[in-house]
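Visitor: here is my input, please return the structure:
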Amino acid sequence: MKEVALITGASSGIGKEMARIHAAQGKDLIIVARSIDKLNQLKQELETASNVQVMVIQKDLSLPTAPQEVYDEVKAAGVEVEYLINNAGFGGQGLFHEREWEQDLAMINLNVVALTALSRFFLPDMVARNSGRILNVSSTASLLPGPLQAVYYATKAYVTSFSNALHEELHDTNVTVTALLPGATETEFAKVSGMDKTDLFQNTFSANEVAKDGYEAMMAGKLEIIAGVTALQRIMMSTLALTPKSMVLSQVRKMQEVK
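Guide: Modelled structure (predicted):
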């Protein structure tokens, strides 16, 4: 296998589009997700359309042992991962004290622990050969607190902070870490999280647009990129530091209330 990208959450949304973009360049893939049927369908599509090799790993990355198992399977297959795309993640809408703790714990395990673990397992190999790229899919949610999605916003704040720190730690190597911060994107995320009935997800960008921006930023070794936001949203984000936090919190809560 050549110029291999390992993509988590590859069965749908941004991850699936990333896989298509990578395969279209004639580069091989390892795709990871829970749904073996969707993974096999994507494998067949990519191998047929782009004449690449695709390795499938069915795994629930919210389980504590899963990241190590993924790494071990890749090493056992003798495959070298050049690009690690940590895309898997999910959210959930509602008051923190009323939500099922098991759901929020799984969210933390997937959005934070699995991403961190996979980075830790694959990064030493990249540094040893002085070659590699990591793309961590965060969110514009990482830039502020998120009432009614308190845990999700907090996990994404971790992802952006962690990715930025690693980028600087690796400044004297040929290995880079890029954070992708999408806005509201047309994926299964909104429906699963319950956000599809809120103002925040009434105008979304396509998963392909966001994936393309993120993939190109990773290849260029950028620190981070904000994608899938309007010009007005960019202006609003630039004024966050100047806006009273109580006002920001109130606005975010209203945008995330189910209508």
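Visitor: so residue 74 sits against residue 6, correct?
Guide: Yes. With contact defined as Cβ atoms under 8 Å, residue 74 and residue 6 form a contacting pair (6.9 Å). For every residue, glycine as well, the C-beta is placed using N, CA and C.
Visitor: which one of those two is surrounded by more residues?
Guide: Remark: of residue 74 and residue 6, residue 6 carries more neighbours, 24 against 21, as counted by other Cβ atoms under 10 Å.
Visitor: so what pLDDT did the more buried one get?
Guide: Looking at residue 6, its pLDDT is 98.
Visitor: if we can go back for a sec, list residues touching both of residue 74 and residue 6?
Guide: When contacts are counted by Cβ atoms under 8 Å, 6 or more residues apart in numbering, residue 74 and residue 6 are jointly contacted by 30, 81.
Visitor: the stretch 51-200 of the chain: strands as residue ranges?
Guide: Per DSSP state E, counting those that start in this stretch, the stretch 51-200 of the chain carries strands over the ranges 54-58, 81-86, 132-137, 175-182, 185-186.
Visitor: low-confidence regions, the stretch 51-200 of the chain specifically.
Guide: Low-confidence segments of the stretch 51-200 of the chain (pLDDT under 70): 185-200.
Visitor: and the helices in it?
Guide: Using DSSP state H, counting those that start in this stretch, the helices found in the stretch 51-200 of the chain span residues 66-76, 101-108, 115-129, 150-169, 189-193.
Visitor: out of these, which comes closest to residue 180?
Guide: helix 150-169 (8.9 Å; Cβ to Cβ).
Visitor: CA atoms of that closest one as CSV?
Guide: Extracted C-alpha coordinates of helix 150-169, given in CSV (Å, rounded to 0.1, in the frame of the first residue of the first chain):
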residue,chain,number,x,y,z
ALA,A,150,-21.8,21.6,26.9
VAL,A,151,-19.8,18.4,26.6
TYR,A,152,-19.5,18.5,22.8
TYR,A,153,-18.2,22.0,22.7
ALA,A,154,-15.7,21.2,25.5
THR,A,155,-14.4,18.2,23.6
LYS,A,156,-13.8,20.2,20.5
ALA,A,157,-12.0,22.9,22.5
TYR,A,158,-9.6,20.1,23.6
VAL,A,159,-9.1,19.0,20.0
THR,A,160,-8.2,22.4,18.7
SER,A,161,-5.9,23.2,21.7
PHE,A,162,-4.2,19.7,21.5
SER,A,163,-3.7,20.0,17.7
ASN,A,164,-2.2,23.5,17.9
ALA,A,165,0.2,22.4,20.6
LEU,A,166,1.4,19.4,18.7
HIS,A,167,1.9,21.5,15.6
GLU,A,168,4.3,23.7,17.5
GLU,A,169,6.1,20.7,19.2
